[in-house]
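A.B. asks: sequence unknown, structure follows:
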C-alpha cells in the first residue's frame, strides 16, 4: 500500500510560518515605535516653542558676558586736563598759575635775552629784534652803541653808516629809520631820556606795546606782558585763550595772573618756547609740564628723541646773550659767541 507523504509538507509549512510571524511582529513593533514618535512629534512643537526662549536667554547671557569681558579687559581712556570750553574759569586760573610755578622752577634764571646796560640800549635792541633772533641783535649792537652811545648821537647819525652796521639783523633800512627816528623823538620830546610810561613810549617810531612792555618791565621794574611769537604760540597751545590778536591775548592772559607776576611770566613762557616747546616740533617727551598741557603729543613724545630737540642751556649749547646774568652762568648756561666767531 502506498502512503501519501504529507507530513514533510506540513513541517515545511510549519517551518516557514514562524518567520512571517516574526516579521509581522517586527513590523508591528516598528509601527508602534513610529506611532509613538508621531504621537511625541505632535507635542514636540510645543516643547520646541518652550525651549526657544531658553536658547535666546543663553545667547543674551553670552552676549552680556562678552561685553562685560570687553569692558574689563579694555583700559579706560586716559583722563585729559579740563581744557575745553567746559573748563571753568576757576579751573583755568589754577591750571595757568600752576604751569607758571612749574616753569619758574625749571627756569629760575629766566631773564630778557637782549644785552643792554641802560633803558636806551634796551629800547633800541628790542626794536632791532623784530624778524630776527636776539642772538643776532646781541652780536650787532656792540658796534652800534660803541659809535652812537646816546639818543643824541644816534639821532644825528648818517643813515647809510647805521644801515651798514645793522645789515646782519635783516630789514636794515627800515630798522635804521626806526632807531634814528626814536632817537630824535627821545631827544626832542623827552630830553634824551627814555620815558617810563606806556603812553609815552608808544608815540616813538617803531615802538609798540610789546616793545614798550619789554622796556617797562626790565628797565623800570613796571609789570608788563610781552606778547611775542613764542608767547602767542604757547598760551594758545595751553588753551589759556583762543585770541589771536596780540592786544587781546595780553588782556586775556593778564586777567589770569596778578599784575606783579606779568614780567616774569613773560620770561618763563618765552624761555620755554625757545628751548622746549618749539613751533614746528615741540619736545613733548622732555617737557616738565606735559601733564598740564592739552597739546601734549603734537611733538616728539619719546624721551630720548625729545632730549635731542632741546636748545640753548637745556641742550648743552650757548645762549643768546654775550653777557648773560650770573644766575644763568651758575645754572650751566654759556655766553653766546660774538659776531663772526661762530
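C.D. replies: The structure has been received and is ready for your questions. Source: prediction; values computed, not measured.

A.B. asks: now what about the one helix or strand residue 146 maps to, what contacts it?
C.D. replies: Residue 146 is located in helix 134-147, with elements delineated by DSSP states H and E. Helix 134-147 has contacts (C-beta atoms under 8 Å, 6 or more residues apart in numbering) with 113-115, 121, 124-125, 128-129, 153-154, 157, 161-162, 165-166, 168-170, 320-322, 336-339. Heads up, the C-betas are built off the backbone N, CA and C, glycines and all.

A.B. asks: now the buried members of the residues you listed.
C.D. replies: 113-115, 121, 124-125, 128-129, 154, 157, 162, 165-166, 169, 320-322, 336, 339 (16 or more other C-beta atoms under 10 Å).

A.B. asks: just the ones of those in helices?
C.D. replies: 121, 124, 125, 128, 154, 162, 165, 166 (DSSP state H).

A.B. asks: do you know the pLDDT at the first one?
C.D. replies: Each residue has a pLDDT score; the one for residue 121 is 98.

A.B. asks: gap between the residue lying closest to it once chain neighbours are set aside and residue 162?
C.D. replies: Using C-beta to C-beta, 6 or more residues apart in numbering and skipping residues adjacent in sequence, the residue nearest residue 121 is residue 145, 5.9 Å away. Distance of residue 145 to residue 162, computed by C-beta to C-beta, to the nearest Å: 12 Å.

A.B. asks: and for residue 123?
C.D. replies: 15 Å.

A.B. asks: kindly report the same for residue 107.
C.D. replies: Distance from residue 107 to residue 162, by C-beta to C-beta: 34 Å.

A.B. asks: what helix or strand is the closest residue to residue 286 other than its chain neighbours on?
C.D. replies: Excluding the flanking residues, the one nearest residue 286 by C-beta to C-beta, 6+ apart is residue 306, at 4.0 Å. Here residue 306 is covered by helix 303-307, with elements defined by DSSP H and E.

A.B. asks: how far out from the middle of the chain is that helix?
C.D. replies: Put simply, helix 303-307 sits 16 Å off its chain's centre (C-alpha atoms, centre = their mean, to the nearest Å).

A.B. asks: what of stretch 177-189?
C.D. replies: With C-alpha atoms, centre = their mean, you get 42 Å for stretch 177-189.

A.B. asks: what does it rub up against?
C.D. replies: By C-beta under 8 Å, 6+ apart, stretch 177-189 touches 120, 123-124, 127-128, 148, 151-155, 157, 159, 162, 166, 192-194, 200, 203-207.

A.B. asks: of the residues you listed, buried ones?
C.D. replies: By neighbour count, with 16+ other C-beta under 10 Å, those hold 120, 123-124, 127-128, 148, 151, 154-155, 157, 162, 166, 194, 200, 204, 206-207 as buried.

A.B. asks: okay, buried residues for stretch 227-246 please.
C.D. replies: 227-228, 230-235, 237-241, 243, 246.

A.B. asks: which of those lies closest to residue 315?
C.D. replies: residue 230 (16.4 Å; C-beta to C-beta).

A.B. asks: quick one, what contacts that closest one?
C.D. replies: By C-beta under 8 Å, 6+ apart, the neighbours of residue 230 are 269, 270, 272, 273, 274, 277.

A.B. asks: helix or strand for the residue nearest to the last one when sequence neighbours are not counted, which one?
C.D. replies: If I follow you right, that is residue 277. Nearest residue to residue 277 in three dimensions, chain neighbours excluded: residue 234, at 5.6 Å (C-beta to C-beta, 6+ apart). In the assignment (DSSP H and E), residue 234 maps to helix 229-237.

A.B. asks: returning to what we had before: and the residue nearest to residue 286, how many neighbours does it have?
C.D. replies: With neighbours defined by other C-beta atoms under 10 Å, the count for residue 306 comes to 20.

A.B. asks: same question for residue 274.
C.D. replies: Counted with other C-beta under 10 Å, residue 274 comes out at 19.

A.B. asks: which elements pack onto the host helix or strand of it?
C.D. replies: Element membership for residue 274 (DSSP H and E) is helix 262-275. Applying 3 or more C-beta pairs under 8 Å, 6 or more residues apart in numbering; DSSP states H and E, we find helix 262-275 packed against helix 89-106, helix 209-219, helix 229-237.

A.B. asks: in contact with the most centrally placed residue in the chain, which residues?
C.D. replies: What sits nearest the mean C-alpha location of the chain, by C-alpha atoms, centre = their mean, is residue 295, with 1.8 Å. Counting by C-beta under 8 Å, 6+ apart, residue 295 makes contact with 237, 238, 282.

A.B. asks: which one of those residues is nearest residue 92?
C.D. replies: Residue 92 lies nearest to residue 238 out of the contacts of residue 295, by C-beta to C-beta, at 9.6 Å.

A.B. asks: go ahead and confirm that closest one touches residue 97.
C.D. replies: No - with contacts counted by C-beta atoms under 8 Å, residue 238 stays clear of residue 97, the gap being 11.7 Å.
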